[in-house]
Structures are given as structure tokens and as C-alpha cells.
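A.B. asks: This is a predicted model, with the sequence first.
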Amino acid sequence: MSADSMNKIPGEKLLELLYWMMLTRRIDDRCEALFKQGCFPGGIFSQEGHEAISVGSAILLEEGDAIAPMHRDLGAYLVRGMSPGRIFAQAMGRQGAPSGGRDVNTHGLGDISLRIFGYVSHLPQSMGIALGAAYSFLYRKEDRVALTYFGDGASSEGGCHEALNLAAVLKAPVVFILENNQYAYSTPIEKQCLVENLSIRAEGYGIPGVTIDGTDVISVMETTREAIDRARGGDGPTLIECKNLRLKGHAAHDPADYIPPDLLRRWKKRDPISLFRERLENSGLLDKNTLAELQSRVEAETEAGVEWAEASPWPEAATLEEDVFSDA
Ligand SMILES: Cc1ncc(C[n+]2csc(CCOP(=O)(O)OP(=O)(O)O)c2C)c(N)n1
Ligand SMILES: [Mg+2]
């Protein structure tokens, strides 16, 4: 992160970035504890190490823009306005959840009124949905963009390449954010792909591709800003590869003992939240009192969310067949 690029952003905005990242981390930690206490019927995907990517990009969106997130984008959900209570309710399978308790995972965690498309489990398929939204914006001549996120594992699947190619040809206003956390579950990146930077694949589709440090929230923000401007300006999609490491297991059940301890140690030193906090402290933008205020705000909002979700009733059995589709 260059000092220059940070200086261009108002101090208040920088603190807002820190707040969203801290809230994401706190909810993630709380989810892990609740999962281990047996409060979640489903699983829960760790967000640790991804906060700068989801927050630094989604923070730039306007009201009418849309996102198609993946399972490590809790930060983007929060920034887009999904309340912590509804997120906990989703994991608990309660009525107050976006899925009304029909799904206990990040799959289905969407809300069209917030312009968040529920995540498609099959990984890159959310990219096609974002492209569809972006093309509809273009077709209707609306000044709106779509942002979509996918992992290194998803980038090896066919749907990813179809979406990138069609978006390029249509010059659709979509930004593709590749979260290269070096693992697809337990498969390390070198076992699924031989290129150093996955962003070079953009060249094959005739669109810009860039690789950045996914632990640097300012770099994510500034790079995404350029890509969004480009999309709004009618110049089509951009592929942004954000490199990081998933700092915990794939999901809360996974101890991730397949990750070499040395690799983990090195990347833990690049925890996106600690890095940004130190940067703000060194620039005189964050003092002890402000940090303590942020911490207690995050704590209070998280706990209020847990309480709200716990108070939300279970779905009524009589509604079982509502909102589901079958052509049988
Ligand atoms: C087609 C398909 N295969 C396998 C899975 C199971 N699965 C869910 S997430 C995941 C790992 C995906 O890795 P990546 O795209 O790198 O994202 P990450 O979890 O690392 O953020 C796998 C294998 C799935 N959901 N869909
Ligand atoms: Mg991955």
C-alpha cells in the first residue's frame, strides 16, 4: 500500500473500511464459536484473510449496483446492508434469514432488494449470473455495474471461462474479482494451475487483467475503483486477481493441517486487518480511544445480531413447499 494512495482517501472513509473489516472478523469468529457449540445445523466458511478483498471492493458500489459474491465475502454482504442478525439467522436456519430458514449455508444467502445474488454452490456459476445482471444494465442503458467474486478453484472450471469470454465480447459492465487464496479446499494452487499469475488469462479474452496484494485493502479499493470506472465508461470487464492465503480451514470443521506451517506463519504476519490498523496508527489516523470505540461497537452489533437470530422462530412446517421450484 503506498502512502500516496492512502492519502487520497478521507480519514473517515479509512476508519469505515477498518470498521467493516473488524465487523467481518468478529462475526466470523462468533460463527466459528456458535458452530462448535452445535448452534448451526450447517457449516460455516472461514473469512479470515479475505476481509480486505470483500470490504475494499464492495465499499465502492452505488445503490443500484449488484454483487454476486462467493462464500468468503461476508464483508461484502455487510457493506451492502445485510444485517448481522440475518446472517446469523441464515446459519441457524431461522425464519428471519434471507432464505427464510430453507438453507443454512452461504448458498442461498442473497437478497434481491439489496441487489445481492445468492451464491451458487457450483462455484463459478455466480459469474454468469453477474454477467447476466450486467448485460441487463447495458441493454437498458442503465448506469449500473455488477461485481462478482470467485476463487482460484472456481477459476479452473469451465463456467469461469465462459463468463469471462462472453462478458468481454458483450463489453458488459462487470468486474471479476478472483480471490486467489492458494487453496481450493485442500488442493494447493500449484496442483491445479501452472501459471504464476491467474490474471494473465484475461489476455486470452482481450480484457485487462491485474494481480494485486489481496491483504492490502487500499490496493483492492484503488484497483477496483479503476475497474468500476472502466465498466461504467462502457469499456467492459476487468479481471482482478487478489492474492492472499486462507488463514483458517476451508470451513469450521477443517483444521487445515495440510497447509505447511511455515507458509501459514508468513501469511499470518500479513493479516489484512492488523496491517491496515498499524498503517492507520502510524499515520496518526487511529488512536487507542478510537480503536476501543470501534471494538465495542463491533462487539455490540455482533451480539445484538446473535440475539436477534436466536429470537427468530424456526420456519413453519406448513411453508415447506413455498419458494422452491420443481418441474416434476
Ligand atoms: C462443482 C463443485 N465442486 C466442488 C464443490 C465443493 N467445494 C465448495 S467450495 C470448494 C473450494 C473452492 O475453492 P476456491 O474456488 O479456490 O474457493 P475458496 O474456498 O478457496 O475460497 C469446493 C471444492 C462445489 N461446491 N462445487
Ligand atoms: Mg481458493
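C.D. replies: Yep, it's here. Ligands and ions are numbered 1, 2, ... in the order given.
A.B. asks: For the closest residue to ligand 2 within the stretch 1-150 of the chain, give its distance to ligand 1.
C.D. replies: Here the stretch 1-150 of the chain gets closest to ligand 2 at one residue, Arg72, 8.2 Å apart by C-beta to the ion. To be clear about C-beta, it is placed using only N, CA and C from the backbone, and glycine gets the same treatment. Noted for Arg72: a distance of 5 Å to ligand 1, by C-beta to the nearest ligand atom, to the nearest Å.
A.B. asks: for stretch 244-255, how far is the first residue from the last?
C.D. replies: 18 Å (C-alpha to C-alpha, to the nearest Å).
A.B. asks: ok, back up a step: so what's the residue of the stretch 1-150 of the chain closest to ligand 2 up against?
C.D. replies: Arg72 makes contact with Phe45, Ser46, Gln47, His50, Ile53, Ser54, Tyr149, Gly151, Glu179, Asn181, Arg246 under the criterion C-beta atoms under 8 Å, 6 or more residues apart in numbering.
A.B. asks: and what of Tyr149?
C.D. replies: Contacts of Tyr149 (C-beta under 8 Å, 6+ apart): 53-54, 57, 67-70, 72-73, 76, 126, 177-179.
A.B. asks: Recalculate using a threshold of 6 Å.
C.D. replies: For Tyr149, the contact set (C-beta atoms under 6 Å, 6 or more residues apart in numbering) comprises Pro69, Met70, Asp73, Ile177, Glu179.
A.B. asks: tally of neighbours for the residue lying closest to Leu17 once chain neighbours are set aside?
C.D. replies: Nearest residue to Leu17, sequence neighbours excluded (C-beta to C-beta, 6 or more residues apart in numbering): Val217, at 5.5 Å. Neighbours of Val217 under the rule other C-beta atoms under 10 Å: 30.
A.B. asks: Val217 reaches Glu51, doesn't it?
C.D. replies: No - counting by C-beta atoms under 6 Å, Val217 does not reach Glu51; the two are 7.7 Å apart.
A.B. asks: would you say Phe176 is within a strand?
C.D. replies: Yes - per DSSP: H, G, I helix; E, B strand; the rest coil, Phe176 lies within a strand segment.
A.B. asks: List the contacts of the closest residue to it other than its chain neighbours.
C.D. replies: Nearest non-adjacent residue to Phe176, counting by C-beta to C-beta, 6+ apart: Leu239, 4.8 Å away. Counting by C-beta under 6 Å, 6+ apart, Leu239 touches Phe176, Ser199, Ala202, Gly209.
A.B. asks: ok, and the most crowded of those residues?
C.D. replies: Top of the contacts of Leu239 by neighbour count (other C-beta under 10 Å): Phe176, with 29 neighbours.
A.B. asks: Report how many residues lie close to Ala146.
C.D. replies: 29.
A.B. asks: Please tell me I have it right and it contacts Ala134.
C.D. replies: Yes - if you go by C-beta under 6 Å, Ala146 and Ala134 touch, sitting 4.1 Å apart.
A.B. asks: what residue ranges in the stretch 1-150 of the chain score low on pLDDT?
C.D. replies: Along the stretch 1-150 of the chain, segments meeting pLDDT under 70 span 1-3.
A.B. asks: Gly42 belongs to a strand?
C.D. replies: No - with three-state DSSP as the criterion, Gly42 is located in coil rather than a strand.
A.B. asks: What is the burial count for it?
C.D. replies: 15.
A.B. asks: ok, back up a step: now name the helix or strand holding the residue nearest to Phe176.
C.D. replies: strand 238-243 (DSSP states H and E).
A.B. asks: contacting residues for the residue in the chain that ligand 2 sits nearest to?
C.D. replies: Closest contact between the chain and ligand 2, by C-beta to the ion, is at Gly151 (3.7 Å). For Gly151, the contacting residues are Glu179, by C-beta under 6 Å, 6+ apart.
A.B. asks: distance of it from ligand 1?
C.D. replies: The value you get for Gly151 to ligand 1, if C-beta to the nearest ligand atom is used, is 2 Å.
A.B. asks: Determine if any part of the following helix or strand past the strand holding Leu239 is in contact with ligand 1.
C.D. replies: Once the chain leaves strand 238-243, the next helix or strand it forms, by DSSP H and E, is helix 261-268. No - figure legend: helix 261-268 not in contact with ligand 1 (C-beta under 6 Å from any ligand atom); closest approach 13.6 Å.
A.B. asks: go on, stretch 35-48?
C.D. replies: No - applying C-beta under 6 Å from any ligand atom, one finds stretch 35-48 separated from ligand 1 by no less than 6.9 Å.
A.B. asks: List the buried residues in that stretch.
C.D. replies: The neighbour-count check on stretch 35-48 (16 or more other C-beta atoms under 10 Å) flags Phe35, Phe40, Gly43, Ile44, Phe45, Ser46, Gln47, Glu48 as buried.
A.B. asks: Could you identify the most distant pair in those residues?
C.D. replies: Phe40 and Glu48 (17.3 Å; C-beta to C-beta).
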